[in-house]
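In: here are the coordinates; sequence isn't available:
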DNA sequence: CACTTCCCCTGCAAGC
DNA sequence: TGCTTGCAGGGGAAGT
């Protein structure tokens, strides 16, 4: 995997750099590096793991697993940080603080930290499907497809609902559901994905009990209705038509009601 | 500007 | 059994 650079350097230039901080916003990892030389500005590694990316701290004499694209030797060389990414959707950008700030500023508020008031405002005036909005990292950073579906189920919102049409009470429920889903996932080991491992190489629990994601054709755990799957914004979207009534159904129900009068 | 669609890549599962 | 085909997802570019 090539490291994208905006400072004209090559990988050798990382030698001797010190890691000053490691931060995260949404799905982007910001690793701040500083040279020994005084007066030098910080450089950054902006790291996106994509779907299958794994950053694992490993003893240097461990055999290198297939699909390992980057190895960063640390300190005395007995350990290294290895980046493995089977599907190669991950991206590393090596840049200066200016560029780092630009990338940071283009991300929406972090899904796990955003306050309810801010979140409700994000939805206002948006005409697109709420599912697409939840996945748009420039609006809200950190949610992927699985947790977007799970959050919408928790709040009882259909994925195609225009975001701006969601009443504040429902928006608050979505905010609550999103935090619940994220907390639950993190607590149970990070993910529901099959080959996930954390930085120490421990496998993810895979025990997150998904309510709708990947359960098309199976019974809703809440009401027994069969879970449906549609495509929204190019992403598979799973929902329970009864627990998450479609805005279109609401309209037709109203029409039916009128017809009956 | 807001929003959607396409594409990258590989492993897995379903279908013939 | 073995091959082919389709699908999945994050995010950036390109399109509407």
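Out: That came in fine, so what should we check first? Please read these numbers as outputs of a predicted model, since none were measured by experiment.
In: Around DNA strand C, which positions in chain A sit nearby?
Out: A:26-28, A:48, A:50-52, A:87, A:89, A:91, A:135, A:137, A:144-146, A:213, A:229, A:234-236 (C-beta under 7 Å from any atom of the strand). (C-beta placed from N, C-alpha, C; glycine too.)
In: hmm, which of those are the buried ones?
Out: Among these, those buried by neighbour count (16 or more other C-beta atoms under 10 Å) are A:26, A:27, A:28, A:48, A:52, A:91, A:135, A:137, A:144, A:145, A:146, A:213.
In: Kindly state the pLDDT recorded for the residue of the stretch 51-200 of chain A found nearest DNA strand C?
Out: Residue of the stretch 51-200 of chain A nearest DNA strand C, by C-beta to the nearest atom of the strand: residue A:144 (2.3 Å). Here, the pLDDT recorded for residue A:144 equals 88.
In: That one is in contact with residue A:135, isn't it?
Out: Yes. Using C-beta atoms under 8 Å, residue A:144 is in contact with residue A:135, at 7.4 Å.
In: Next SSE downstream of the lengthiest helix in chain A?
Out: When chain A is parsed with DSSP state H, its longest helix is helix A:168-187. Once the chain leaves helix A:168-187, the next helix or strand it forms, by DSSP states H and E, is strand A:228-232.
In: and that following strand, which residues are buried?
Out: By neighbour count on 16+ other C-beta under 10 Å, the buried set for strand A:228-232 is A:228, A:232.
In: Tell me which strands that strand pairs with, and in which orientation.
Out: Strand A:228-232 pairs in its sheet with strand A:235-239 (antiparallel), by DSSP bridges.
In: right, quick check: the partner strand against DNA strand B, any contact?
Out: No. No part of strand A:235-239 sits close enough to DNA strand B to count as contact by C-beta under 7 Å from any atom of the strand; the gap is at least 8.1 Å.
In: For the stretch 151-261 of chain A, which residue gets nearest to DNA strand C?
Out: Closest point on the stretch 151-261 of chain A to DNA strand C, by C-beta to the nearest atom of the strand, is residue A:236, at 3.6 Å.
In: Report the residue spans of the stretch 1-150 of chain A with pLDDT below the cut-off.
Out: A:1-12, A:37-39 (pLDDT under 70).
In: And the strands in it?
Out: A:4-5, A:18-25, A:28-34, A:43-48, A:53-59, A:68-74, A:79-85, A:91-96 (DSSP state E, counting those that start in this stretch).
In: how much distance is there from the longest helix of chain A to the middle of the chain?
Out: Computed by C-alpha atoms, centre = their mean, to the nearest Å, the separation of helix A:168-187 from the middle of its chain amounts to 14 Å.
In: now it: mean pLDDT?
Out: If you average the pLDDT values across helix A:168-187, you get 91.
In: and it, what other elements does it pack with?
Out: Helix A:168-187 is packed against helix A:116-123, helix A:145-155, with contacts defined by 3 or more C-beta pairs under 8 Å, 6 or more residues apart in numbering; DSSP states H and E.
In: Just name the most buried of those.
Out: By mean neighbour count, with neighbours taken as mean count of other C-beta atoms under 10 Å, helix A:145-155 ranks first of the helices and strands packed on helix A:168-187 at a mean of 25.
In: How about residues contacting that one?
Out: A:130-131, A:134-135, A:143, A:158-159, A:170, A:173-174, A:176-178, A:180-182, A:185, A:192, A:210-214, A:235-240, A:243-244 (C-beta atoms under 8 Å, 6 or more residues apart in numbering).
In: ChimeraX command for the buried members of the residues you listed?
Out: In ChimeraX, a selection of the buried entries from those looks like this (16+ other C-beta under 10 Å):
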select /A:130,131,134,135,143,158,159,170,173,174,177,178,181,182,185,192,210,211,212,213,237,238,239,240,243,244
